[in-house]
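Asks: My questions are about this predicted structure, shown below with the sequence.
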Number of protein chains: 4
Amino acid sequence: MTAKMKVGIINVTGYTGTELARLLWQHQGVEIASVTGRSAVGQKLGQVFPHLSDLDLVIQSGVADVDLVFSAMPHKVSAEAVVDALKRGIKVVDLSADFRLKDAVEYERWYETSHPAPELLGEATYGLTELNRPQVASSRLVANPGCYPTSVILALAPALKQGVIGPQIIIDSKSGVSGAGRTLTIETHFPEVNENVSAYALEGHRHLPEMVQELQKFAAELPLKVTFLPHLVPMTRGILSSCYARLLQSDTDGEQVRELYRDFYRGEPFVRVVDSPPQTKQALGTNLCLIYPTVDLRAGRLIVISCIDNLIKGGAGQAIQNMNLMLGFAETMGLEMPAVYP
Amino acid sequence: MTAKMKVGIINVTGYTGTELARLLWQHQGVEIASVTGRSAVGQKLGQVFPHLSDLDLVIQSGVADVDLVFSAMPHKVSAEAVVDALKRGIKVVDLSADFRLKDAVEYERWYETSHPAPELLGEATYGLTELNRPQVASSRLVANPGCYPTSVILALAPALKQGVIGPQIIIDSKSGVSGAGRTLTIETHFPEVNENVSAYALEGHRHLPEMVQELQKFAAELPLKVTFLPHLVPMTRGILSSCYARLLQSDTDGEQVRELYRDFYRGEPFVRVVDSPPQTKQALGTNLCLIYPTVDLRAGRLIVISCIDNLIKGGAGQAIQNMNLMLGFAETMGLEMPAVYP
Amino acid sequence: MTAKMKVGIINVTGYTGTELARLLWQHQGVEIASVTGRSAVGQKLGQVFPHLSDLDLVIQSGVADVDLVFSAMPHKVSAEAVVDALKRGIKVVDLSADFRLKDAVEYERWYETSHPAPELLGEATYGLTELNRPQVASSRLVANPGCYPTSVILALAPALKQGVIGPQIIIDSKSGVSGAGRTLTIETHFPEVNENVSAYALEGHRHLPEMVQELQKFAAELPLKVTFLPHLVPMTRGILSSCYARLLQSDTDGEQVRELYRDFYRGEPFVRVVDSPPQTKQALGTNLCLIYPTVDLRAGRLIVISCIDNLIKGGAGQAIQNMNLMLGFAETMGLEMPAVYP
Amino acid sequence: MTAKMKVGIINVTGYTGTELARLLWQHQGVEIASVTGRSAVGQKLGQVFPHLSDLDLVIQSGVADVDLVFSAMPHKVSAEAVVDALKRGIKVVDLSADFRLKDAVEYERWYETSHPAPELLGEATYGLTELNRPQVASSRLVANPGCYPTSVILALAPALKQGVIGPQIIIDSKSGVSGAGRTLTIETHFPEVNENVSAYALEGHRHLPEMVQELQKFAAELPLKVTFLPHLVPMTRGILSSCYARLLQSDTDGEQVRELYRDFYRGEPFVRVVDSPPQTKQALGTNLCLIYPTVDLRAGRLIVISCIDNLIKGGAGQAIQNMNLMLGFAETMGLEMPAVYP
C-alpha cells in the first residue's frame, strides 16, 4: 500500500473551501494535511463546521508542505498565496479568478486592481478539464474556472467549434445562493432572497471576459458578441444556464445538434449530453455537467441548457478533477457519486 | 350610497379563481354574488379555502345573473361558458386563452382543438389594459392576457414602437410554481421542485403566439423572430422576464432607453419604469409591473427586466383592472396595495 | 371630512418598521407624518425599500410632533425614545421588550442591562389586545407583545382561565426567519437556513418571562412550569406554536375544549377558533390568530395549535390594533385583509 | 477478489426506493441485481430517474433471486412480498410498517386492516440497529423502523434506561416533505407547502405505537404516556425531533445528561451526542443521528433534540446498515459520507 499524497486547502472557511474538504476527505489517493483560514485560526475544523468534525484538523494561518495546494482565497490575495506555494515547489489549483484571464490589462479592467503576478499568466492553465486535459496534466499552476463559465463554455464549445452558430450569443444563467459565498450581505439574507428572483450585474459580470476568452478559441475568425446575465434564485446549490445563438443553417434540427454534441463529448465521464431538458437537481452533489442542445425552428436559433452543481463542477469538484490529472490519479477518483435526489 | 354591482367567478377553485375572490372581496364597487366550481360544488367556499371563510358563499354548478363574470376555466370549456354568459347579457373577462389569439387556425395549431366560438374572436379585446384601454372600456368580452405575455409585452412594446431594436428577440422568463396551477403533477410536487431550476416547453410554449401577435402590432414592417423560454423556480409567486434584442443604434445608452420607457408609461398607475433592476418580491401581492430597461454596451443590446406577480398583474389583478374599466369604476379601484415585504 | 391623525415610526428600517409603514399607508384614519432610522437617515424611504416608494417620506434622525408614535427600536434604546415621546405628550406603542415585563429585576436578568425607565413599568399596558382591551384604550404607553408570546398566550389563556389544565406546560414554536430581523447573521444567511430546521435558545428565550407573567394571571394559585423552545424553519413569515399540557379531567374531549375556546373568543375579530389544524399560510399577511385546541385522549393531554403572521399579529398589526383603540378608531380599521394564498 | 452479493429492491420508484438504489450503487459489497416497481415496469431506471442512469437496470414486475431484498412497498402489500421472499430463501429488510409492531391487534387498530402474516411477527427483528445489533445480525427478517421513531427512540432510550425521566413524554417532530413520499397530494403541492408550517395527524400518527413499544422496553415498570405530534416544514429532507420529559431529580444538569448519553452511545459510528443543538442540515445526506440532550432547569425538564436525514438514517441508510449486519459486512460499509453542506 502506497502512502497517500498530501494536499492543503488555503482558506477552508468559505463554501468552496468546505466543499473541497468534504470531497477530499473521501478521496482514496490524498489526505488533507493542512488547512488555513482567514478567520477561525486555531479552532478545530469541526468546531466551525460540524459536518467536518471527523476531519481532525486545526485551522492554521499558513499552509504546511504538501504536494498540491488549493487556494480558495479571494482574488488578488490568492495570487500572493500562489506565488509563495510555487516557490516552495508546491503545485497549485487556484480557485480564485487571478490566473484565468490571460491579459493583465483585461484583469485590471474587471477586477479594478493591478495583477499581483503577471509573469505567471502565460504559464497558468485554464482548468476547464474537458477542454484542456493535456495542459492541465502537465501544469504546476491551474486556474480553476468560475462557476458560470464552466456551465457556459461546456454548453457552447461544440457549436462554435463545428461552426453551427453565429457570433451573437446570449447567456441567461440562474444560480443558487451559495454561489454568492459565505460572506453576509443583505442580498443573501434569507427573508430577502426567499420567494424572490432577481437579475444582477447588469453592467457586466466578472465571469464574462473569462467566457469570451475561452469561447473565442473555438471561433477564431468570428469576433463573438456575448451578453451574459446572471440571476439569483431561491435555492442553495445549482446553476442552470440557458444559451441562445442563431443557427448559421436554419434547417439544422435538434437531433442533429445533439448528435454533434454527443460526438464532441463522447467518453467524457462528467459531461452528459442528455435527451431531455435537464434540471439542476439532477446534478446536485455531483461533478456532472448536463447539457441539452436543441433548436427553436421558428426563430432559427440554437438553445443550449446546461446544469451543474456550482460548488462541485463549478468549483471544488472540478478542482479535484484537475488535481487528479496533476498528481497522476484517475481523473474520476473521488468524484463518482450519483446526484442527491430528491 | 349606491348598490354594489354584482360579479361572478366561474371556476373559483383554481389559483386564479381564489385570487379573484380574495381581491374582489375588498373591492368597494362590486360584490361577489356567485361562484362556481368544477369540483367542490355544494361546499362553502371557506371549507375548501379557509382564508376565504369570511366570504359566505356556496360553490355552485352554474353562475347566477350578474353584471360581469370572470371565467377562470381552462381553455375550450371556458369559451362555452363565455358564449352562454354573453347570451344572458353578462359582460365577461375571460382568463383562459380562448379569445387571446385572433386567428382560429393559430389557436388550433397551439391548443390542438378547434375553436369553440370563432365568431367572437373579432369582437374580443386583448386585455393588456395599458395598451388597449379604450377598447377594454367599451368591450363586453375581454380576453385577459397570459401571465408571461403580460410581463413580456409591457417590457418590449416601448422599444419596438420607438424603433429602437431589431426583430431578433430572446425572452427568458422565470416563474414561481403557482403559475402551473393547483392541479397536482410530479413537476409541482414539493420535493421535486424545491432546490431545483428547470427550463420547460422547449418546443414552444402556448404563450408565444400571443406575445408575437401583440408585439408585432408595434413593429408592423418588421417580422419578429421571437424565442421564448420559460423556467420554473422554487418560489410560489412571481415572474421575472429577461428580454434581449439588438439595438439598431449601438450608441444608445441605458439612460436614453429608460427615458424613452418613462415617456411611454408616464402616468400609468401600475407600470413602473424603475432605476435599478427590480426583483419579483417588489411586485409580490401587487398589480404592478416593474420594468428596467438597460443596455449592454459591449454587445450593443437592449436588456429589459420586468417583474410581476403572476397571479395578480399576470391574472386576477389585471382582470379586475379590466373589469373596472368595463363597469365604469376608477381603474385602480381595489388594486392599490403595496408589496408584501419581506 | 375630518383630518387624519398623525403617527410616526421610530426606526422604520427593520422588518417591523417597514411592516408598520406598509400597513399604516393603507389606514383610513392616520397618516404617517414622520419616520426615523438608525441607518439611512436623509434617504427617501423608497430608495431603501422600493415597495414603499409611494410613501413620499424622508428618513429622519428624530421624530416630529405626532399624535402617536411606534417605537421599533431594539430594547434599551427604545425606552429612551419612549420617555422622550411621552414627555412631548405623544402616545406610544413600544414594539420593543422594554415595557413588557412588570418587574425591573426580571428585565435585568433576561436583558442583562438595567432598565432605563423603571418608573414607567407600572403604567405601561401589556398590549395583547384581546386580553387587555379597556386598559389599552385608556393608556398612553402600550407595550406591544413579542411575536411568540402573542401566539402562546392566546393559545393557552382560555384553558388556564377555565381550569382545564395543570401547571406543567410545554410550548414548541416554529418561526419563519423574518422573526430574527433584518440584521445580518450567519444563522439567517440563506444557504445556512434553507433546507434546515433548528432549535435555538435552549438556555431560555427572552420571550419566556413575558409568557409566564401573562399566563400566570389566568392561574393565580397555580405556579406554572413553562418550557418554551423556539425553532427556526426555512420560510419568511409565520409562527406556529404547539402547546401541550395535562388535562385535569382526563375525559375532556376535543369538542368540549373547542366549545370552551369559542366561548372565550366569541366576537373577537382577529382570533379564530378553527375546526381543523391551522397552517401558518392561512394567517399570512393578516392580523389573525388561528387557534385549534384538541385533546390527546391516550395521554390525557390538551394540545393547542396556534398560527400567526409574526410581523402582523405578532408585531406591526397588533401595534396598529392597539393604536386604533388608543386613538378612538374602530379596532379593525386598516387590518381587515384576507390571507395571501397561495 | 470475491464476487459481490446480490440484492434487490421491491418498489424502487418511491423516494425510499430511489434512495436505496443511490446508496447501494456505491456499496463495495453488493450489487443491485433486481428492481421492481408498481409503475414504470419495463422502463430503464434511468428513464424515470435520470440521476440513476448509470445503473443499467430495467424495472421489473417481480424480484429475481438475490441474497437479500429490500421491500419499499406500502404496508399490507409489503407483507405479501416479504412472505414470498422468505419462502424463496431470501433475507428481507422490510421498510414498510408491517413487521414493526409485535401485536397484530395493535397493527389492525392503527392500520385498519388485518395483518397479512401474523405468524412472522415474533420472528421479525425491529431494526433500530444500535439497540438491537445482535438480533439484526442473526435475523432473516428485519423490520426497518419508521423515520420519526428512529429519531425519537434514539433520543429517549438513554434517559429512560438510566431512569432519569418520568413517564410523561411529549415529542414534537418537524419533517421535510419527502417524508410524505412521492405520491401526489394537495398537501405536498409546492405552492401549498412552501412558506408554510403545519401540524398533522393530531388524532394519532401511526408511528406512535412503534415508539411506545420500543421505548417501553427501557422503562418496564413505568407505563409511558407519550404524545407525539408531527409537523410538516418547507424543506425536502430532514427530521428534527424535540422531546420533553420531567426529570426525576430536578437538580440534574445538562452536562450530566450529556455525559450519560455519551456513555450510552460510546463507539457508535452513526449516533453522535453533540455539544450544541444540532440542525437537520448537519445530518443531510448522511446516516447520522445527532443528539443533544439538555435540561430546562427552571421547569425541571429534560429536552432532547435529535436530527436525522429522514431518507437515510430514517429509511434507506438504516436499511443498509441492517443489511450490512445480516450479510456479514462491516456495519458502516457504504454509509460513511459527510453531510452535504451548505
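Replies: Happy to help now that I have it. Residues are numbered from 1 along each chain as shown, chains lettered A, B, ... in the order given.

Asks: Name the SS class of the closest residue to A:Ser173 other than its chain neighbours, please.
Replies: Nearest residue to A:Ser173 in three dimensions, chain neighbours excluded: A:Ser241, at 4.4 Å (CB to CB, 6 or more residues apart in numbering or on different chains). C-beta: built from backbone N, CA, C; applies to glycine. Here A:Ser241 is recorded as strand under DSSP: H, G, I helix; E, B strand; the rest coil.

Asks: can you give me the helices in chain A?
Replies: In chain A, the helices defined using DSSP state H lie at A:15-25, A:45-48, A:77-87, A:104-111, A:133-137, A:147-161, A:190-193, A:207-216, A:254-264, A:317-327.

Asks: For C:Pro278, find the nearest of those.
Replies: Of all the helices of chain A, helix A:190-193 sits nearest to C:Pro278, with 22.1 Å by CB to CB.

Asks: Give me the distance between the two termini of stretch A:174-192.
Replies: Distance between the two ends of stretch A:174-192: 17 Å, counting by CA to CA, to the nearest Å.

Asks: By neighbour count, which bits of that stretch are buried? Give me those.
Replies: A:174-180, A:182, A:188-192 (16 or more other CB atoms under 10 Å in any protein chain shown).

Asks: and what of stretch A:290-300?
Replies: Across stretch A:290-300, burial judged by 16+ other CB under 10 Å covers A:Leu290, A:Ile291, A:Tyr292, A:Pro293, A:Thr294, A:Val295, A:Asp296, A:Ala299, A:Gly300.

Asks: Identify those among the residues you listed that sit within strands.
Replies: When the buried residues of stretch A:290-300 are checked against strands (DSSP state E), the matches are A:Leu290, A:Ile291, A:Tyr292, A:Pro293, A:Thr294, A:Val295, A:Asp296.

Asks: Dig out what the third one forms beta bridges with.
Replies: Note on A:Tyr292: beta-bridge partners by DSSP bridges are A:Ile305.

Asks: I'd like the helices of chain A as CSV, with distance to C:Val41 appended.
Replies: Shown next, in CSV, are the helices of chain A (distance: least, CB to CB, whole Å):
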stretch, distance to C:Val41
helix A:15-25, 35
helix A:45-48, 36
helix A:77-87, 35
helix A:104-111, 33
helix A:133-137, 53
helix A:147-161, 37
helix A:190-193, 21
helix A:207-216, 36
helix A:254-264, 56
helix A:317-327, 45
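
Asks: between the ones you listed, which gets nearest to chain B?
Replies: Closest approach to chain B among these (CB to the nearest CB): helix A:190-193, 3.8 Å.

Asks: do that closest one and chain C meet?
Replies: Yes. Against chain C, helix A:190-193 shows contacts by CB under 8 Å from any CB of the partner chain at A:Phe190, A:Pro191, A:Val193.

Asks: So what touches that helix?
Replies: With CB atoms under 8 Å, 6 or more residues apart in numbering or on different chains as the test, helix A:190-193 has contacts from A:177, A:186-187, A:232, A:234, B:281, B:342, C:15, C:176-178, C:182, C:188-190, C:193-194, C:234, C:236.

Asks: at 7 Å instead, please
Replies: A:177, A:186-187, A:232, A:234, B:342, C:177-178, C:188, C:190, C:193-194, C:236 (CB atoms under 7 Å, 6 or more residues apart in numbering or on different chains).

Asks: Okay, buried residues for stretch A:108-119 please.
Replies: By 16+ other CB under 10 Å, the buried positions in stretch A:108-119 come out as A:Trp110, A:Tyr111, A:His115, A:Pro116, A:Ala117.

Asks: quick one: the closest residue to A:Ala339 other than its chain neighbours from D:Ser198, how far?
Replies: Once flanking residues are discounted, A:Ala339 sits nearest to D:His51: 3.7 Å by CB to CB, 6+ apart. In this view, D:His51 and D:Ser198 are 29 Å apart by CB to CB, to the nearest Å.

Asks: hmm, back to that, could the buried residues of stretch A:174-192 go into a markdown table alongside pLDDT?
Replies: Supplementary listing: the buried residues of stretch A:174-192 in a markdown table, determined by pLDDT from 0 to 100:
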| residue | pLDDT |
| --- | --- |
| A:Lys174 | 98 |
| A:Ser175 | 98 |
| A:Gly176 | 98 |
| A:Val177 | 98 |
| A:Ser178 | 98 |
| A:Gly179 | 97 |
| A:Ala180 | 96 |
| A:Arg182 | 96 |
| A:Thr188 | 98 |
| A:His189 | 98 |
| A:Phe190 | 98 |
| A:Pro191 | 98 |
| A:Glu192 | 98 |
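
Asks: Among those, which one lies nearest to chain D?
Replies: Nearest to chain D among the buried residues of stretch A:174-192, with distances taken as CB to the nearest CB, is A:Ser178, at 5.4 Å.

Asks: quick one, what contacts the closest one?
Replies: Neighbour list for A:Ser178: A:Tyr15, A:Thr236, A:Arg237, A:Asn310, A:Leu311, C:Pro191, D:Pro342 [criterion: CB under 7 Å, 6+ apart].

Asks: quick one on the thing from earlier: the residue nearest to A:Ser173: neighbour count?
Replies: The burial count assigned to A:Ser241 is 30, neighbours taken as other CB atoms under 10 Å in any protein chain shown.

Asks: That one is in contact with A:Ser306, isn't it?
Replies: Yes. Using CB atoms under 7 Å, A:Ser241 is in contact with A:Ser306, at 5.0 Å.

Asks: which residues are common contacts for those two?
Replies: Listed as contacting both A:Ser241 and A:Ser306 by CB under 7 Å, 6+ apart are A:Ser151, A:Ala155.

Asks: Up against chain B, what does the stretch 151-300 of chain A have?
Replies: A:170, A:172, A:174, A:191-192, A:195-200, A:202, A:204, A:225-227, A:229, A:231, A:233-236, A:238, A:240, A:242, A:244, A:277, A:279-281, A:284, A:294, A:296, A:298-300 (CB under 7 Å from any CB of the partner chain).

Asks: Of those residues, which count as buried by neighbour count?
Replies: Using 16+ other CB under 10 Å as the threshold, A:170, A:172, A:174, A:191-192, A:195-199, A:202, A:204, A:225-227, A:229, A:231, A:233-236, A:238, A:240, A:242, A:244, A:277, A:279-281, A:284, A:294, A:296, A:299-300 are the buried ones among these.

Asks: give the contact list for A:Ser151.
Replies: A:Ser173, A:Ile239, A:Ser241, A:Cys289, A:Ser306, A:Ile308, A:Gly314.

Asks: which one among these gets closest to B:Tyr265?
Replies: Nearest member of the contacts of A:Ser151 to B:Tyr265, counting by CB to CB, is A:Ser173, at 28.7 Å.

Asks: Look up how far A:Leu131 lies from the closest one.
Replies: Taking CB to CB as the measure, A:Ser173 falls 19 Å from A:Leu131.

Asks: still on that earlier bit, could the residues of helix A:190-193 next to chain C go into a markdown table alongside distance to B:Met337?
Replies: Shown next, in a markdown table, are these (distance: CB to CB, whole Å):
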| residue | distance to B:Met337 |
| --- | --- |
| A:Phe190 | 24 |
| A:Pro191 | 19 |
| A:Val193 | 23 |
